[in-house]
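Participant: Starting from these lines, generate the structure:
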Amino acid sequence: MEVKLVARTLELIELFAQARRPMPLTELAQGLGAPMSSCLALVRTLVARGYLYEVRRRGGYYPTAKLHALSVQINSGDPWLEQVRPELAALRDTSNETVMLGKIQDGAVVFVDVAESTQPVHYAARAGERRPLHTSAVAKAILARLPPAERDTALAAATYTRYTERTLISRDALLADVDRVQARGWASNVGESVADLTGLAVALDLGGEWYALCMAGPTPRVWGQHEKNVEFLVAAAELIRRARAG
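Facilitator: Next up, the predicted model:
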């Protein structure tokens, strides 16, 4: 259950990230779908706490560097991800595709960290983004490792919205694919969420918690050489396991 004020504050930050320019109060209220009075109270609070500033009178508001500074401090204090990031970056450089570390949480897949490809045409993802379970290679890789009771719990909130003609739109279809993943050791999403997009994933047991390492990009590149890409994923996953164990 979302806390409305917290959700609106986060939406405000995301709005600035999308626009990347100062915005007046009226535009912020429209972007949030919030009453002017509520938006004004939120903006004034963030200004008072040093997170926003008015660029000039009636010139709109924009975040200060405080938010970035706090984010850097938080990131630098996460020793677990600091161990993983070099391997994500190395896998990205080896494959030249976007790679993600993800897990199942609250009925969806969440990307814990992302190393984005530098190719002109690539899969764009951001840390913290959530994806539906039934179209995610990350979810399939993890579900294949869970015992039946935990798998049922993970899928309790799953919906089976159709996104393309290849989308798995039933629990039975998804579980049949998960069985195939269990047999071969890696998962795929070939055009199930977005046409011409492929994701490949392998599961990672990190301290008793299941994660998955995933690579995604245009189908001709990622699926066209999927055997080699799976080898890249398996090798990177093993390096992450060793770094974690050490």
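
Participant: Just say helix, strand or coil for Arg58.
Facilitator: Judged by DSSP: H, G, I helix; E, B strand; the rest coil, the three-state class of Arg58 is coil.

Participant: How about it, nearest residue that isn't a chain neighbour?
Facilitator: Nearest residue to Arg58 in three dimensions, chain neighbours excluded: Pro24, at 7.1 Å (Cβ to Cβ, 6 or more residues apart in numbering). All C-beta spots, glycine's among them, are computed from the backbone N, C-alpha and C.

Participant: quick one, what contacts the one you found?
Facilitator: By Cβ atoms under 8 Å, 6 or more residues apart in numbering, Pro24 lies in contact with Arg58, Gly59, Gly60, Tyr61.

Participant: element containing Leu5, please.
Facilitator: Using DSSP states H and E, Leu5 maps to helix 4-19.

Participant: Kindly apply the preceding question to Ser37 instead.
Facilitator: Using DSSP H and E, the element containing Ser37 is helix 36-48.

Participant: What of Val138?
Facilitator: Per DSSP H and E: helix 137-143 holds Val138.

Participant: Who are the packing partners of the helix or strand following that helix?
Facilitator: Sequence-wise, the next helix or strand downstream of helix 137-143 (DSSP H and E) is helix 148-155. Secondary-structure packing of helix 148-155 (3 or more Cβ pairs under 8 Å, 6 or more residues apart in numbering; DSSP states H and E): helix 137-143, helix 171-184.

Participant: what's the angle from helix 148-155 to helix 171-184?
Facilitator: Put simply, helix 148-155 runs at 130 degrees to helix 171-184, going by axes from the mean of the first three to the mean of the last three Cα atoms, to 10 degrees.

Participant: any residues touching helix 148-155, and which ones?
Facilitator: So helix 148-155 is contacted by Ile104, Gly107, Leu133, Ala139, Ile142, Leu143, Leu146, Arg171, Leu174, Val178 (Cβ under 8 Å, 6+ apart).

Participant: Restricting the selection to alpha carbons, write it to CSV.
Facilitator: The C-alpha trace of helix 148-155 is given here as CSV (Å, rounded to 0.1, in the frame of the first residue of the first chain):
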residue,chain,number,x,y,z
PRO,A,148,6.9,-24.7,-5.4
ALA,A,149,5.5,-22.9,-2.3
GLU,A,150,7.8,-19.9,-2.8
ARG,A,151,7.1,-19.9,-6.5
ASP,A,152,3.3,-19.7,-5.8
THR,A,153,3.9,-16.9,-3.3
ALA,A,154,5.9,-14.9,-5.9
LEU,A,155,3.2,-15.4,-8.6
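
Participant: can you pull the alpha-carbon coordinates of the longest helix seen in the chain into PDB?
Facilitator: If you go by DSSP state H, the chain has its longest helix at helix 226-245. Taking C-alpha atoms only, helix 226-245 is exported to PDB below (Å, rounded to 0.1, in the frame of the first residue of the first chain):
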ATOM      1  CA  HIS A 226      22.400 -16.100 -27.700                       C
ATOM      2  CA  GLU A 227      24.800 -19.100 -27.100                       C
ATOM      3  CA  LYS A 228      27.800 -16.800 -26.800                       C
ATOM      4  CA  ASN A 229      25.800 -14.300 -24.800                       C
ATOM      5  CA  VAL A 230      24.600 -17.000 -22.300                       C
ATOM      6  CA  GLU A 231      28.300 -17.900 -21.900                       C
ATOM      7  CA  PHE A 232      29.100 -14.300 -21.100                       C
ATOM      8  CA  LEU A 233      26.300 -14.200 -18.500                       C
ATOM      9  CA  VAL A 234      27.300 -17.500 -16.900                       C
ATOM     10  CA  ALA A 235      31.000 -16.400 -16.600                       C
ATOM     11  CA  ALA A 236      30.000 -13.000 -15.100                       C
ATOM     12  CA  ALA A 237      27.700 -14.700 -12.600                       C
ATOM     13  CA  GLU A 238      30.400 -17.000 -11.500                       C
ATOM     14  CA  LEU A 239      32.800 -14.000 -11.000                       C
ATOM     15  CA  ILE A 240      30.100 -12.200  -8.900                       C
ATOM     16  CA  ARG A 241      29.600 -15.300  -6.800                       C
ATOM     17  CA  ARG A 242      33.300 -15.500  -6.100                       C
ATOM     18  CA  ALA A 243      33.600 -11.900  -5.300                       C
ATOM     19  CA  ARG A 244      30.600 -12.200  -2.900                       C
ATOM     20  CA  ALA A 245      32.100 -15.300  -1.300                       C
END
